[in-house]
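S.K.: Mind looking at a prediction? Sequence and model below.
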Amino acid sequence: MNIEFNKNEDKLRLLISSMEKKLEKIYLGGGKTRIEKQHDQGKLTARERIEFLLDPDRPNIEIGAFAGEDMYQEHGGCPAGGVVVVIGYVKGRQTIVVANDATVKAGAWFPITGKKSLRAQEIAMENRLPIIYLVDSAGVFLPMQDEIFPDKEHFGRIFRNNAIMSSQGIIQISAIMGSCVAGGAYLPIMSDEALIVDKTGTIFLAGSYLVKAAIGETIDNESLGGATTQCEISGVTDYKCTDDKDCLTRIRTIMDKIGENDKAGFNRTTSQLPAKDVQELMGIIPDTRDKQYDMLDVIARLVDNSEFEEYKEGYGQSILCGLGRIDGWAVGIIANQRKVVKSKKGEMQFGGVIYSDSADKSARFIMNCNQKKIPLVFLQDVTGFMVGSRSEQGGIIKDGAKMVNAMSNSVVPKFTVIVGNSYGAGNYAMCGKAYDPRLIIGWPTAQLAVMGGAQAAKVLVQIEIASLKAKGELITPEVESELYNRIKDKYDAQASPYYAAARLWLDAIINPIDTRKWISMGIEMANHAPIKQAYNVGVIQT
């Protein structure tokens with residue numbers, strides 16, 4: 001180890017420590033007082049319910065823990081988007097669990113709550129994963145109803161997805177463990193099976209106050225839609241449970257009887273740890289973004305036995321393509337090379353930039369992986385495509401379009417890890433969120449933006465200065481510096497991985513050491529969904 005490695009490691013460990021402190025706060029949901037109130041009602045919290053439900057000896061991953069981070073502050077915030085989403089195992093079967101957090105505004109739905117819940121359903125539908133809903137919600141957050149109620153990607157889309165999943169045979173189980181009111185009442189009843197907890201669970205289209213206002217009837221919520229009413233009189237729910245633990249145990253019993261479906265058939269052998277120490281990932285990524293490193297060093301600490309079969313090694317060297325295994329699963333890796341390389345023609349290629357030859361190579365490799373039914377893993381640290389007259393004359397737009405076309409039409413599952421930069425069209429070509437990766441995660445070193453803060457500030461300052469000069473205003477160096485710093489600070493804040501994760505542009509920010517687990521569990525879930533569509537890239541220029 002050298003001094004640079006130690007500096008890099010110190011910087012990354014500080015970033016991870018900061019991330020873990022943020023998560024500790026998020027895990028408290030609405031705070032200790034509200035957790036105690038939940039317990040006083042005889043109820044577990046959302047996270048306690050998930051912990052009890054999942055197999056304790058199996059790994060799990062949380063989707064969208066940072067959803068809502070630093071958003072809705074005028075309403076007191078919305079930790080984790082007010083809903084906890086975890087992929088884990090129930091009686092040995094991989095499952096996605098969605099649990100309303102009643103400690104956050106009584107589990108009310110903010111706009112980000114809807115987006116996160118729809119993301120969970122998207123994962124279930126893409127991968128044919130069983131989905132379990134643990135319902136405890138007061139319904140739509142009324143002060144923001146216009147941002148969660150009426151549109152295509154709002155609250156109502158969830159019930160549409162319930163119906164679609166049911167028609168596709170994707171298992172849905174709901175537990176009514178608290179309030180379930182108004183339109184939200186349709187979610188559990190559109191599931192395959194619905195359980196309700198006696199005395200604490202209620203489900204109805206309108207609560208007692210609204211019933212009184214609407215039709216003048218006086219009735220309490222328990223008589224209106226409690227477990228006895230809905231299990232023994234209406235028949236709306238299927239199982240009456242004594243408490244949270246009884247309810248969750250019954251769900252485990254149901255899951256224990258479910259049969260197996262067809263698999264996609266992705267290749268897997270016995271898992272092997274990387275020959276290179278995975279802990280050394282901590283010291284590879286430079287402490288500043290202007291320094292180079294070799295992405296092969298990262299790959300060697302992610303793939304089994306550190307074996308990576310590189311494709312077209314001497315061609316298009318600003319992107320690495322090749323085959324390997326992660327936790328036994330065969331994968332095709334497309335990674336931005338972050339060191340300056342020299343092509344066989346003697347031309348220098350800058351790290352993190354996509355050139356015509358690397359785009360061409362990537363497109364061909366992606367097509368090969370689709371032909372062989374090999375899942376794709378994208379390791380992003382990209383500043384964009386090469387610009388300038390030579391690149392334009394060489395057809396960079398055509399070659400970039402070829403890569404985007406091949407990637408967009410892939411029928412094998414795609415997984416994206418943002419290691420460093422994720423800028424502009426480079427984010428698109430390397431399978432950013434808009435291109436349907438099954439999972440997209442970032443390291444604490446990730447940055448997502450149309451361009452870097454410094455570059456954006458330089459461009460926008462030039463435009464602003466030209467505008468001010470046209471108005472006859474005097475531009476001093478101090479004014480120019482103030483403009484530059486203000487614009488750069490704004491861009492840097494928006495490029496943060498937390499800004500991206502808060503808006504679900506990332507499914508998670510993770511410790512780099514956990515990358516293998518995320519990819520392995522991702523491919524395992526994708527293996528539940530057989531590929532039925534032929535690979536066709538449409539119109540593509542060669």
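M.R.: Received it, and whenever you're ready, just let me know what you need.

S.K.: How about residues contacting stretch 62-77?
M.R.: Here stretch 62-77 makes contact (Cβ atoms under 8 Å, 6 or more residues apart in numbering) with 22-23, 26, 78-82, 84-87, 96, 105, 110, 112-113, 115-116, 119-120, 123, 141, 143-144, 498, 501-504, 506-509. Backbone N, C-alpha and C define where each C-beta goes, glycine included.

S.K.: how does it look with 6 Å?
M.R.: The contact list for stretch 62-77, computed with Cβ atoms under 6 Å, 6 or more residues apart in numbering, reads 26, 78, 80-81, 85-86, 110, 112, 116, 498, 501-502, 504, 507.

S.K.: Would you agree residue 230 falls within a helix?
M.R.: Yes - Residue 230: assigned to a helix according to DSSP: H, G, I helix; E, B strand; the rest coil.

S.K.: contacting residues for it?
M.R.: With contacts defined as Cβ under 6 Å, 6+ apart, residue 230 is in contact with 196, 203, 236, 237.

S.K.: Residue ranges in the stretch 401-542 of the chain under the pLDDT threshold?
M.R.: 539-542 (pLDDT under 70).

S.K.: Show me the strands in it, by range?
M.R.: Listed from the start of the chain, the stretch 401-542 of the chain has strands (DSSP state E, counting those that start in this stretch) covering 414-423, 439-442, 447-449, 508-509.

S.K.: Of all those strands, which one comes closest to residue 226?
M.R.: strand 508-509 (37.2 Å; Cβ to Cβ).

S.K.: Can you list the strands that the closest one pairs with?
M.R.: Sheet pairing of strand 508-509 (DSSP bridges) gives strand 439-442 (parallel).

S.K.: any residues touching the partner strand, and which ones?
M.R.: In contact with strand 439-442 (Cβ under 6 Å, 6+ apart) are residues 415-418, 433, 497, 506-510, 518, 522.

S.K.: What I need now is these written out in JSON lines, including neighbour count and distance to residue 61 for each item.
M.R.: As requested, the contacts of strand 439-442 are exported to JSON lines (neighbours: other Cβ atoms under 10 Å; distance: Cβ to Cβ, whole Å):
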{"residue": "415", "neighbour count": "24", "distance to residue 61": "12"}
{"residue": "416", "neighbour count": "26", "distance to residue 61": "15"}
{"residue": "417", "neighbour count": "27", "distance to residue 61": "13"}
{"residue": "418", "neighbour count": "28", "distance to residue 61": "16"}
{"residue": "433", "neighbour count": "19", "distance to residue 61": "17"}
{"residue": "497", "neighbour count": "25", "distance to residue 61": "16"}
{"residue": "506", "neighbour count": "28", "distance to residue 61": "13"}
{"residue": "507", "neighbour count": "29", "distance to residue 61": "9"}
{"residue": "508", "neighbour count": "20", "distance to residue 61": "7"}
{"residue": "509", "neighbour count": "25", "distance to residue 61": "12"}
{"residue": "510", "neighbour count": "23", "distance to residue 61": "8"}
{"residue": "518", "neighbour count": "20", "distance to residue 61": "6"}
{"residue": "522", "neighbour count": "27", "distance to residue 61": "8"}
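
S.K.: Output these in CSV, with distance to residue 290 appended to each entry.
M.R.: Output for those, formatted as CSV (distance: Cβ to Cβ, whole Å):
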residue, distance to residue 290
415, 28
416, 24
417, 21
418, 18
433, 26
497, 18
506, 23
507, 28
508, 27
509, 22
510, 24
518, 28
522, 32
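
S.K.: What is the most widely separated pair among the residues you listed?
M.R.: Farthest pair in the contacts of strand 439-442 (Cβ to Cβ) is 497 and 522. Separation: 18.5 Å.

S.K.: And the contacts of the worst-scoring helix or strand of the chain on mean pLDDT?
M.R.: Within the chain, confidence by mean pLDDT, DSSP states H and E is lowest for strand 348-349 among all helices and strands, at a mean of 76. With Cβ under 6 Å, 6+ apart as the test, strand 348-349 has contacts from 317, 318, 340, 341, 342, 355.

S.K.: Next up, the contacts around the residue in the chain sticking out farthest from the centre.
M.R.: Within the chain, the residue lying farthest from the chain centre (Cα atoms, centre = their mean) is residue 472, at 48.6 Å. Residue 472 makes no contacts at all, as judged by Cβ under 6 Å, 6+ apart.

S.K.: how much space is there between it and residue 484?
M.R.: Look at residue 472 and residue 484: by Cβ to Cβ, to the nearest Å, they are 21 Å apart.

S.K.: burial of residue 536, as a residue count?
M.R.: 9 (other Cβ atoms under 10 Å).

S.K.: What segments of the stretch 151-300 of the chain are helices?
M.R.: 156-168, 186-189, 208-215, 221-225, 227-228, 244-255, 295-299 (DSSP state H, counting those that start in this stretch).

S.K.: wait, which of the ones you listed is closest to residue 424?
M.R.: helix 295-299 (19.0 Å).

S.K.: and the closest one, which residues are buried?
M.R.: Buried residues in helix 295-299, counting neighbours by 16 or more other Cβ atoms under 10 Å, are found at 295, 296, 297, 298, 299.

S.K.: Any chance of CSV for those residues, columns pLDDT and distance to residue 151?
M.R.: Formatted as CSV, the buried residues of helix 295-299 follow (pLDDT from 0 to 100; distance: Cβ to Cβ, whole Å):
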residue, pLDDT, distance to residue 151
295, 97, 40
296, 97, 45
297, 97, 45
298, 98, 40
299, 98, 41
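
S.K.: List just the nearest of those residues to residue 270.
M.R.: Nearest to residue 270, judged by Cβ to Cβ, of the buried residues of helix 295-299 is residue 299 at 20.1 Å.

S.K.: Spell out which strands sit alongside the least confident helix or strand of the chain in the sheet and which way each one runs.
M.R.: Here, using DSSP bridges, strand 348-349 pairs with strand 341-342 (antiparallel).

S.K.: mind listing what's buried in stretch 164-175?
M.R.: In stretch 164-175, counting by 16+ other Cβ under 10 Å, buried: 165, 170, 171, 172, 173, 174, 175.

S.K.: Could you do stretch 356-365 as well?
M.R.: Result for stretch 356-365 [16+ other Cβ under 10 Å]: buried residues 356, 357, 358, 359, 360, 361, 362, 363, 364, 365.

S.K.: What would it look like as CSV? C-alpha coordinates only.
M.R.: Backbone C-alpha positions of stretch 356-365 (Å, rounded to 0.1, in the frame of the first residue of the first chain) are rendered in CSV as follows:
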residue,chain,number,x,y,z
SER,A,356,-16.2,6.2,-31.3
ASP,A,357,-14.2,3.0,-31.1
SER,A,358,-15.2,2.3,-27.5
ALA,A,359,-18.8,2.9,-28.3
ASP,A,360,-18.6,0.6,-31.3
LYS,A,361,-16.9,-2.1,-29.2
SER,A,362,-19.5,-1.8,-26.4
ALA,A,363,-22.4,-2.1,-28.9
ARG,A,364,-20.9,-5.3,-30.3
PHE,A,365,-20.3,-6.7,-26.8
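
S.K.: on that earlier part again, distance to residue 216 for the strands of the stretch 401-542 of the chain - can I get that in TSV?
M.R.: Output for the strands of the stretch 401-542 of the chain, formatted as TSV (distance: least, Cβ to Cβ, whole Å):
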stretch	distance to residue 216
strand 414-423	56
strand 439-442	52
strand 447-449	55
strand 508-509	50
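
S.K.: Ok, which of those strands comes nearest residue 455?
M.R.: strand 414-423 (8.5 Å).

S.K.: Partner strands of the closest one and their direction?
M.R.: In the sheet, strand 414-423 lines up with strand 376-382 (parallel), strand 439-442 (parallel), strand 447-449 (parallel) (DSSP bridges).

S.K.: For the contacts of strand 348-349, which single residue is the most surrounded?
M.R.: residue 318 (26 neighbours).

S.K.: List the contacts of that one.
M.R.: So residue 318 contacts 337, 349, 353, 355, 358 (Cβ under 6 Å, 6+ apart).

S.K.: What is the burial count for the first one?
M.R.: The number of residues packed near residue 337 is 25, by other Cβ under 10 Å.
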